[in-house]
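Q: dropping the sequence and predicted coords here.
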Amino acid sequence: MAKKPVVKESAVERELVAAVKLRGGICEKIMCVGKRGFFDRLIILPGGRIIFCEIKRPRGGVLSPHQRQYQAVFQALGVEACFVRNSTDIVELLKA
């Protein structure tokens with residue numbers, strides 16, 4: 001039986017960047033020195049919608065405790081923060 005091809009996190013990230021750009025937005029790679037587990041991308045969409053996004057591969061991508069904590073803290077402050085694993089997640093994120 002043939003193995004299913006492994007989709008890498010970078011492929012999901014490229015798809016996200018392209019989808020955001022198609023909607024007239026910006027999807028910037030962010031690095032926060034000294035902040036282990038910080039989000040991968042900052043998405044800015046027309047109309048002022050700003051989203052912090054962590055990207056994981058569809059199968060086997062595990063969220064670290066740091067990443068879960070960042071999401072909880074940002075959401076408690078009223079900031080949109082999400083995790084994206086596949087095309088469905090991207091469509092749902094950009095639909096709102």
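A: Here it is on my side, so go on.

Q: immediately after the biggest helix by length in the chain, which helix or strand?
A: Longest helix in the chain, counting residues (DSSP state H): helix 9-22. Sequence-wise, the next helix or strand downstream of helix 9-22 (DSSP states H and E) is strand 26-29.

Q: could you give the angle of the helix or strand just after that following strand to helix 9-22?
A: Next helix or strand after strand 26-29 toward the C-terminus (DSSP H and E): strand 41-45. Put simply, strand 41-45 runs at 20 degrees to helix 9-22, going by axes from the mean of the first three to the mean of the last three C-alpha atoms, to 10 degrees.

Q: strand partners (parallel or antiparallel) of strand 41-45?
A: When pairing is defined by DSSP bridges, strand 41-45 lines up against strand 26-29 (antiparallel), strand 49-55 (antiparallel).

Q: turn those strands into CSV, including mean neighbour count and mean pLDDT.
A: Just so you know, the C-beta spots here come from the backbone N, C-alpha and C atoms, and that holds for glycine as well. Shown next, in CSV, are the strands paired with strand 41-45 (neighbours: other C-beta atoms under 10 Å; pLDDT from 0 to 100):
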stretch, mean neighbour count, mean pLDDT
strand 26-29, 14, 98
strand 49-55, 19, 97
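
Q: of those strands, which approaches residue 93 most closely?
A: For residue 93, the closest of these is strand 49-55, at 7.0 Å, according to C-beta to C-beta.

Q: got a list of contacts for the closest one?
A: Residues from elsewhere that reach strand 49-55 (C-beta atoms under 8 Å, 6 or more residues apart in numbering): 9, 12-13, 16, 27, 39-45, 63, 67, 70-71, 74, 79-85, 93, 96.

Q: just the buried residues from those, in PyMOL please.
A: The buried residues among the contacts of strand 49-55 can be selected in PyMOL (16 or more other C-beta atoms under 10 Å) with this line:
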select buried, resi 9+12+13+16+27+39+40+41+43+45+67+70+71+74+81+82+83+84+85+93
